[in-house]
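[1] Sequence first, predicted model second:
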Amino acid sequence: MSQDFSKKTAFQFVILLSLVSLFADMTYEGARSITGPYLAILGANAAIVGFVSGLGELIGYALRLFSGFFADKTGKYWTITIAGYICNLLAVPLLALAGHWWVAAVLIILERAGKAVRVPPRDAMLSHAGEKMGMGWVFGLHEAIDRLGAMLGPLIVAFVLYLKGGYRESFALLLIPALLALSILVVAKWRYPHPEALAVRHDNLQTKGIHATFWLYLVSASLIAAGYADFPLMAYHFQKSSILSPLWIPVSYAIAMGLTSLTAPFFGHFYDKKGFVVLIVVTLVSCLFAPLVFLGNASMAFVGVALWSIGVSAHESLMRAIVANMVPIKKRGSAYGIFNTGYGICWFLGSFLMGIIYDISIPSLVIFSVLIQVAAVPILWVVMRKL
């Protein structure tokens, strides 16, 4: 009977943190849908917009390395998570008060830095619940609710603009989901001050360091990331080639986020049942998004976006679950920091390179994207055999 209760407790903990992520994603994903034009209105040119966006993403991943290590070293997972969320969320409504582009730029980068700080310790805490519920299911469920917020945020901003509101009003309105996220986070901290108590099995993994299999897995994941195009590049292609109208481009993104929300729990469940092979199959299927998106018509583009969203769903849920299953509990914060940093930097560099290749040859971009992802499959197979 106590085991059933503890599973219920773990589930409630996951739901609370997932609701935090839902409202947090509503806040910063809503903001990210308009920060580019907002910077332009404040006087920034295209080069500044690109630099600020790229620097924000780079910092947003690089800081995770230090955040995860510091969380493991001090054990202050809640403190670091809460500090990161405060920085991540309150920077968004403050954009409404920015009078110069450089002020907005600082806030945009601050928002990314806050996300970097809170991700590794939060994922480490979620992994404790995964000991009872299944790692795949926990991270799949969290990703589903998280992506629902990512879909709703831009739609809220679009609705404000439809009602003839401006960018400042949009940023100000996003204070509401930001405060909701922080309020639920405080409740979660109060109800579950020691989430490590949710773990039930003894940690029989090596505790002196991170196993070599983790580093091999990071190499394969980084290859996949390098070949995975950012949606802004796909949106740029849709607009430039007139495949989709300006109205349908954000709608396609909302659909992608909706599909991610629907598929993440299923991938998590299948991973818990079938194991690592699920990630290999999804990688082989989702890598086909590139030819459909960049070489196809409107119908093929929508299919390509759907495959892209399936890949995002698997990468954001299964990869976190796999890390938790191959790393000792006391090293998970550091492992998530290392993994996210490597994965994010390779995604950034790959996207930057694909942007350059796009101006030279679109077919070459497609070949690069598919081949570098397929190159990860043999390494994933080796990792699977070692687990």
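    Okay, I see it. Numbering: from 1, shown residues only.
[2] Could you use CA atoms for every contact and neighbour count after this?
    OK.
[3] Buried residues, the one helix or strand Leu318 maps to. List them.
    Assigned by DSSP states H and E, Leu318 falls within helix 298-326. Within helix 298-326, the residues that qualify as buried are 298, 300-326, counting by 16 or more other C-alpha atoms under 10 Å.
[4] C-terminal to it, what's the next element?
    helix 332-360.
[5] next one: the helix holding Leu318 to chain centre, how far?
    From the chain centre to the centre of helix 298-326 is a distance of 11 Å (C-alpha atoms, centre = their mean, to the nearest Å).
[6] can you check stretch 245-265 too?
    15 Å.
[7] cool, and stretch 258-271?
    14 Å.
[8] now that stretch: mean pLDDT?
    With pLDDT averaged residue by residue, stretch 258-271 scores 84.
[9] got a list of contacts for that stretch?
    135-141, 143-148, 151, 277-279, 306, 309-310, 312-314, 317-318 (C-alpha atoms under 8 Å, 6 or more residues apart in numbering).
[10] The stretch 1-150 of the chain: helices as residue ranges?
    2-32, 35-41, 46-74, 77-94, 101-133, 135-162 (DSSP state H, counting those that start in this stretch).
[11] Quick one: neighbours of the closest residue to Tyr38 other than its chain neighbours, just the number.
    Nearest residue to Tyr38 in three dimensions, chain neighbours excluded: Tyr167, at 6.7 Å (C-alpha to C-alpha, 6 or more residues apart in numbering). Using other C-alpha atoms under 10 Å, Tyr167 has 20 other residues around it.
[12] In contact with Tyr167, which residues?
    Counted by C-alpha under 8 Å, 6+ apart, Tyr167 has contacts Ile34, Tyr38, Ala96, Leu161.
[13] Isn't Val138 up against Ile15?
    No - the criterion here is C-alpha atoms under 8 Å, and Val138 misses it with Ile15 at 9.3 Å.
[14] lowest-confidence helix or strand of this protein?
    Using mean pLDDT, DSSP states H and E, helix 231-240 stands out as the lowest-scoring helix or strand of the chain, at a mean of 76.
[15] Now the element after it, going C-ward?
    helix 248-274.
[16] Tell me the helix or strand right after that following helix.
    Counting by DSSP H and E, what follows helix 248-274 is helix 277-286.
[17] How about residues contacting that next one?
    Contacts for helix 277-286 (C-alpha under 8 Å, 6+ apart): 224, 267, 270-271, 307-308, 310-311, 314, 318, 373-374, 377, 380-381, 384.
[18] mind checking how far that helix is from the chain centre?
    The answer for helix 277-286 is 18 Å, by C-alpha atoms, centre = their mean.
[19] what's the burial count for the nearest residue to Gly43 once chain neighbours are set aside?
    In space, and not counting its chain neighbours, Gly43 is closest to Trp101: 6.1 Å by C-alpha to C-alpha, 6+ apart. Using other C-alpha under 10 Å, the number of residues around Trp101 comes to 20.
[20] so who does Trp101 touch?
    Leu39, Ala40, Leu42, Gly43, Ala44.
[21] measure it to Gly36 for me?
    11 Å (C-alpha to C-alpha, to the nearest Å).
[22] now Leu17
    29 Å.
[23] higher neighbour count, these two?
    The neighbour comparison of Leu17 against Gly36 (other C-alpha under 10 Å) goes to Leu17, with 23 against 18.
[24] Which residue lies closest in space to the residue sitting nearest the centre point of the chain, excluding its sequence neighbours?
    For the chain, the residue nearest the mean C-alpha position is Glu316 (5.9 Å; C-alpha atoms, centre = their mean). Distance criterion C-alpha to C-alpha, 6+ apart; nearest residue to Glu316, sequence neighbours excluded, is Glu143 at 6.9 Å.
[25] Surely the residue nearest to the centre of the chain and Ala144 touch.
    No - using C-alpha under 8 Å, Glu316 is not in contact with Ala144, being 9.9 Å away.
[26] and for those two, which residues touch both?
    Contacts common to Glu316 and Ala144, judged by C-alpha under 8 Å, 6+ apart, are absent.
[27] Leu216 is in what secondary structure piece?
    Going by DSSP H and E, Leu216 is in helix 212-226.
[28] The helix holding Leu318 - contacts with which helices or strands?
    helix 101-133, helix 135-162, helix 212-226, helix 248-274, helix 277-286, helix 289-295, helix 332-360 (3 or more C-alpha pairs under 8 Å, 6 or more residues apart in numbering; DSSP states H and E).
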